[in-house]
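In: 3D model of this:
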Amino acid sequence: MKVIKNIKTITITALAVLFFSTTAHSQKFKVTLDAGHGDHDYGAVYHGHIEKNIALAVTLKVGKLLEKSSGIDVIYTRKGDQFIALDERANIANRADADIFVSIHCNANANNAADGCETYVMGMSKNASNLEAAKRENSVVTLEKDYKQKYEGFDPKSPESYAGMTMAQELYLEQSIALAGKVQGQFIQLGKKSRGVKQAPYMVLHKAYMPRILIEMGFISNPAEGAKLDSEAGQQEIAESIANAIISYKKEYFGASDNDNAIKPSQQIEAVKKPDTLTKKPTVKTPDVKKPEAKSDPVNSGVATFKVQLSASGRKLELVPSNFNGLSNISVSSDGSLYKYMYGETTNYDEAKRLLSEAKAKGYSSAFLIAFKNGKKVSVQDALKQ
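Out: From the prediction side, this is the model:
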């Protein structure tokens, strides 16, 4: 799993800690930023506000903020007014071996009073409004030539077409929820109304093989919110919030670089020229946090403990080897309806890496290390500093 790709072979000694601090950031954290829509795909258009232009302006601002960190590499799916197919947007991230994929959009509703921001992760939803939102965004595929052949018969209006997307919904789900939660947390600090972290079958997320989210920054159909989203100041504060969420996620899951500093609200960047092309219009609820219901996280009198997280799923499984490709010593914790399955438990980092390799060999390619101290989850980097 890429969550530990910056960590080299070390032992938990004073010398190892020094070695870690000088080598942990030898590879950059890769962020793919995806500005929704483009060219003849205008997205939503209300009150003179055009989604494709707002999404691009904010995306470029987020990118410039992130590029100020020497530990972050930014990849864009588009930097101008181009039409990029949905699968190609994801493929750009896949080819770059990106650590996260962030797609940026504006919301819209026939009810002009609707307002607020929401962030989506990949997955099927029984919530009708979430599914309709996904259908609206997925309809972009109909603008592509031979889309039925290209997307293997996928019809954005057909419920049956979404059934085949369920297999990928749990891959990177927990990391995606964590990233989405940080985005929503930043929006709340900004004073925006939060509509929560939601789950929906977006094609652009389905094809990206990494933690991935789709951000709806606000409703351009709402006159007041749309005007702010289409203003330089409004775009700047939204960009700062998204950048801060990404930096916070990087620090927690990948470790901090020398200049991974939070973006201050007063900080400004170079003005980004807005595209001059205009015209034409064409929930799974955030889990309530509960105490772990199975094996509790270890308490080791200040000694850090490592486990391998295998998966996060909405299904409750019996903790037997036959359910985990032959692996035993499985534990589980639960946050509402999301079950997190973990393998092994050790205070030795080298042993933890061996357990991780074993899990990957058993087919858990997206497994990653997690750490606990005094029963609380901490970053692997912080655990190694003990």
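In: isn't Ile75 right up against Asp34?
Out: No: the criterion here is Cβ atoms under 8 Å, and Ile75 misses it with Asp34 at 9.4 Å. In this view, the C-beta of every residue, glycine as well, is placed from N, C-alpha and C.
In: comparing the two, which shows the higher neighbour count?
Out: Taking other Cβ atoms under 10 Å, Ile75 and Asp34 do not tie; Asp34 has more neighbours (27 against 17).
In: quick check, the more buried one in a strand?
Out: Yes: the assignment for Asp34 is a strand, going by DSSP: H, G, I helix; E, B strand; the rest coil.
In: what sits against it?
Out: Applying Cβ atoms under 8 Å, 6 or more residues apart in numbering, one finds that Asp34 lies in contact with Thr59, Tyr76, Thr77, Arg78, Arg89, Ala93, Phe101, Val102, Ser103, Ile104, Val204.
In: which residues of the stretch 251-386 of the chain fall in strands?
Out: Shown for the stretch 251-386 of the chain, the strands assigned by DSSP state E, counting those that start in this stretch span residues 305-313, 330-335, 338-346, 368-373, 376-378.
In: for Tyr46, give me its contacts.
Out: Going by Cβ under 8 Å, 6+ apart, Tyr46 touches Ala108, Asn112, Ile220, Ser221, Gly226.
In: and of those, the nearest to Leu338?
Out: Ala108 (29.5 Å; Cβ to Cβ).
In: separation between the closest one and Leu229?
Out: Using Cβ to Cβ, to the nearest Å, one gets 11 Å for the distance from Ala108 to Leu229.
In: so what sits against both of those two?
Out: Between them, Ala108 and Leu229 share the neighbouring residues Ile220, with contact defined by Cβ under 8 Å, 6+ apart.
In: am I right that Ile242 is in a strand?
Out: No: according to three-state DSSP, the state of Ile242 is helix, so it is not within a strand.
In: shift numbering so it begins at 19
Out: All set: I'll call the first residue 19, so the last point we hit is now Ile260.
In: just checking, it touches Val80?
Out: Yes: in this structure Ile260 lies within contact range of Val80 using Cβ under 8 Å: 5.0 Å.
In: mind listing the shared neighbours of these two?
Out: What both Ile260 and Val80 touch, as defined by Cβ under 8 Å, 6+ apart, is the set Val120, Ile122.
In: quick one: contacts for Tyr94?
Out: Applying Cβ under 8 Å, 6+ apart, we find Tyr94 in contact with Thr50, Leu51, Asp52, Ala53, Thr77, Leu78, Gly81.
In: ok, which pair from those is furthest apart?
Out: The farthest-apart pair in the contacts of Tyr94, when distances are taken by Cβ to Cβ, is Thr50 and Leu78, at 13.8 Å.
In: so Thr77 makes contact with His55?
Out: No: distance between Thr77 and His55: 11.0 Å, which falls outside the contact criterion (Cβ under 8 Å).
In: rewinding a little: okay, the strands of the stretch 269-404 of the chain, which one's buried deepest?
Out: With neighbours taken as mean count of other Cβ atoms under 10 Å, those reach their highest mean count in strand 323-331, at a mean of 23.
In: which residues are in contact with that strand?
Out: Counting contacts by Cβ under 8 Å, 6+ apart, the residues touching strand 323-331 from outside are 188, 191-192, 195, 315-316, 342, 345, 348-349, 356-367, 369-370, 373-374, 377, 382, 384-391, 398, 401.
In: let me know the angle separating that strand from strand 386-391.
Out: 130 degrees (axes from the mean of the first three to the mean of the last three Cα atoms, to 10 degrees).
In: tell me the mean pLDDT over strand 323-331?
Out: Across strand 323-331, the average pLDDT comes to 86.
In: specify the angle between that strand and strand 356-364 in degrees.
Out: Strand 323-331 runs at 150 degrees relative to strand 356-364, counting by the same axes, to 10 degrees.
In: who does strand 323-331 pair up with?
Out: Based on DSSP bridges, the pairing partners of strand 323-331 within the sheet are strand 356-364 (antiparallel), strand 386-391 (antiparallel).
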